[in-house]
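Trainee: could you work out the structure for the sequence below:
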Amino acid sequence: MNNNFGKLSLLMVGLSLILSFFLRPEYVGPFLLGFALFSIAGIVFACLSKKWSSIIGGILLNGAALVFFSLLVLGMGIGER
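Mentor: Predicted structure coming up:
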C-alpha cells in the first residue's frame with residue numbers, strides 16, 4: 001500500500017527546516033506564517049495517512065519543528081533589544 005500522505009508529512013518537516021535556514025530578522029512575519037502553514041499541513045497529512053507509524057512520526061516531527069521555530073523566533077526577538 002502506497003503511503004503518500006505519510007511522505008507528504010515528512011516533506012513538510014523538511015521544507016520547514018529548510019525554511020528556517022533562510023530566516024532573517026526583517027522578515028519574521030512572513031516566515032512565521034509560512035512555517036506555521038507547513039507544520040499544520042504536515043500534521044494534517046500525518047492524520048490522513050493510514051499507518052500509525054506515519055501518524056505518530058509526522059505529528060511528533062512537525063510539532064517539534066514548530067516548537068523549535070517558535071523558540072528561534074522568540075530568541076531573535078529577545079536578542080534585538
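Trainee: now for the strand or helix carrying Leu74, which elements pack on it?
Mentor: Assigned by DSSP states H and E, Leu74 falls within helix 52-79. With contacts defined as 3 or more Cβ pairs under 8 Å, 6 or more residues apart in numbering; DSSP states H and E, helix 52-79 has these neighbours: helix 4-21, helix 28-48. C-betas here are computed from N, CA, C, even on glycine.
Trainee: including mean neighbour count, distance to Asn62 and mean pLDDT, could these go into TSV?
Mentor: Converted to TSV, these look like this (neighbours: other Cβ atoms under 10 Å; distance: least, Cβ to Cβ, whole Å; pLDDT from 0 to 100):
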stretch	mean neighbour count	distance to Asn62	mean pLDDT
helix 4-21	17	6	87
helix 28-48	17	4	87
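Trainee: format the ones you listed as a markdown table; extra columns: distance to Phe69.
Mentor: Shown next, in a markdown table, are those (distance: least, Cβ to Cβ, whole Å):
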| stretch | distance to Phe69 |
| --- | --- |
| helix 4-21 | 6 |
| helix 28-48 | 5 |
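Trainee: out of these, which is closest to Ser54?
Mentor: Of all the helices and strands packed on helix 52-79, helix 4-21 sits nearest to Ser54, with 3.1 Å by Cβ to Cβ.
Trainee: and the closest one, what other elements does it pack with?
Mentor: helix 28-48, helix 52-79.
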